[in-house]
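# here's a sequence, model it:
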Amino acid sequence: ALVTRKSTSQILRAGVPVPTNSPVEPGDLITYTLTVTNVGTGWAFNVDLWDELPVEFHYVGGSTRASWPSGSSTADPSGNPGPSLAWDLSATLLPGEELSLSFQALVTSLARQGRSYTNRMGATGEEGDGTPIPPESGLPGDDDPDDEDEVIHPANVPALALDKAITDVLRGGTSRGPSGPVEPGDVIVYTVTIRNVSGGAAYNVDFTDQLPAHTEYTTAYGDGVYTVDNPASGGSLGIPDGAAGLVTADTSATIAPGGTLTAVYRVRTLSTVSQGVPLANSAITTGEDGAGNPISEYNPDVPDTFPDRDTTRIEVVEPGLSLVKEIVDVLRGGASIWPTPIVLWGDVIVYRVTVRNVG
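Now for the predicted structure:
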């Protein structure tokens, strides 16, 4: 009579053990342990094991470690990488003996947020005359009526949301507030906020910004920097001074579920901006799950009300000069004769020049 037990003996996330009752995430490496015990009074022959992985999990080649009192095996199962695995061990178990088999499975990026995944195993064997051992023997200690067991894993995956805002405008180093408009030479201060709005960790999170034409990245008032609240990290955005067009913030950040990355940087408007043509630019964030695959921009399983991109817009004004010159008086012998159509030698003409900023 056979009794089976299946357990999760380890979960590695980015190489670090996490509690074995934790929800799994893409990239997690799970170690399972399968045990079969002969609780009957006779010998069990040709004992083999099978395991039905979720299709979102893959068997890791070379990870099998099986042993029993009279033998051992490291052979990969048939059906590798799954989901249907079978180990042809042909093991013999005397009464009271146990077979133990462990193997590893990788959680792939097919796992979905909030879903539960069942991994089921079973054992088969024969009696001495070659007949299959029945799943239910009625013997004391045979508390496994179907010679099968399972473990269930809830799953989490990452999802990103980005918000971009203009938080200030500097003119000659003095704050003018975020509403604009801007003029040539002004410095626009942008703040990008990236949130992990799902249950799985996000890795290698970066963002790009398509700077508007007639602007350039500036470090005149400080380097662009970022901070992450969980796990705590931060540093420079790594964008060179004077960069234009599409710029990439190489943060390569890890953001835990519910964590936030905040980046602040500055862009200068050039003299070639045009009044009435607003400056619009979009930032887009990218990241990877634990399996190294890109995080989907839209995830139907996550209440992601903000997409992975956002756009800001600010109006532009520029100076424009008008000049008016006119005669306002004519003096002859110190006395005004204005208006007069004719001036003589020795008369003094008084001019007035008016310059206006009409921009």
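# residues touching stretch 74-92, excluding its own?
By Cβ atoms under 8 Å, 6 or more residues apart in numbering, the list of residues contacting stretch 74-92 from outside reads 43-55, 57-62, 64-66, 68, 70-71, 73, 99, 101, 103, 105. For glycine as for every other residue, the C-beta is placed from the backbone atoms N, C-alpha and C.
# now do the end-to-end distance for it.
17 Å (Cα to Cα, to the nearest Å).
# can you point out the buried residues in it?
76, 77, 79, 80, 81, 82, 83, 85, 87, 89, 91, 92 (16 or more other Cβ atoms under 10 Å).
# how far is it from where the chain is centred?
With Cα atoms, centre = their mean, to the nearest Å as the basis, stretch 74-92 stands 36 Å off its chain's centre.
# please apply the same query to stretch 281-299.
Mean-position distance between stretch 281-299 and its chain equals 5 Å (Cα atoms, centre = their mean).
# which of the helices or strands spans residue 10?
strand 2-13 (DSSP states H and E).
# residues contacting the helix or strand that that strand is followed by, please?
Once the chain leaves strand 2-13, the next helix or strand it forms, by DSSP H and E, is strand 16-18. By Cβ under 8 Å, 6+ apart, the residues outside strand 16-18 that reach it are 10, 11, 12, 28.
# neighbours around the closest residue to the last one other than its chain neighbours, how many?
For residue 28, the nearest residue in space outside its immediate sequence neighbours is residue 107; the separation is 4.4 Å by Cβ to Cβ, 6 or more residues apart in numbering. As a burial measure, the neighbour count of residue 107 was computed by other Cβ atoms under 10 Å and equals 27.
# with the one 10 residues further on instead?
Neighbourhood size, residue 117 [other Cβ under 10 Å]: 19.
# what's the nearest residue to residue 5 if we skip its chain neighbours?
Leaving aside its chain neighbours, residue 5 sits nearest to residue 35 (4.7 Å; criterion: Cβ to Cβ, 6+ apart).
# thinking again about what came up before, quick check, nearest of the buried residues of stretch 74-92 to residue 336?
Nearest to residue 336 out of the buried residues of stretch 74-92 is residue 81 (Cβ to Cβ; 103.8 Å).
# packing partners of the lowest-mean-pLDDT helix or strand in the chain?
Of all the helices and strands that make up the chain, strand 321-332 has the lowest average by mean pLDDT, DSSP states H and E, namely a mean of 84. With contacts taken as 3 or more Cβ pairs under 8 Å, 6 or more residues apart in numbering; DSSP states H and E, strand 321-332 sits against strand 348-357.
# roughly how far apart are the closest residue to residue 246 other than its chain neighbours and residue 281?
Distance criterion Cβ to Cβ, 6+ apart; nearest residue to residue 246, sequence neighbours excluded, is residue 210 at 5.2 Å. For residue 210, the distance to residue 281 equals 5 Å [Cβ to Cβ, to the nearest Å].
# the more surrounded of those two?
Remark: of residue 210 and residue 281, residue 281 carries more neighbours, 22 against 14, as counted by other Cβ under 10 Å.
# which stretches of the stretch 101-250 of the chain have low pLDDT?
136-147 (pLDDT under 70).
# which stretches of it form strands?
Taking DSSP state E, counting those that start in this stretch as the criterion, the stretch 101-250 of the chain carries its strands at 116-126, 148-154, 160-171, 174-175, 187-196, 202-210, 215-218, 225-229, 232-236, 246-255.
# in TSV: the ones you listed, plus distance to residue 288.
As requested, the strands of the stretch 101-250 of the chain are arranged in TSV below (distance: least, Cβ to Cβ, whole Å):
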stretch	distance to residue 288
strand 116-126	21
strand 148-154	21
strand 160-171	10
strand 174-175	38
strand 187-196	12
strand 202-210	5
strand 215-218	25
strand 225-229	15
strand 232-236	16
strand 246-255	10
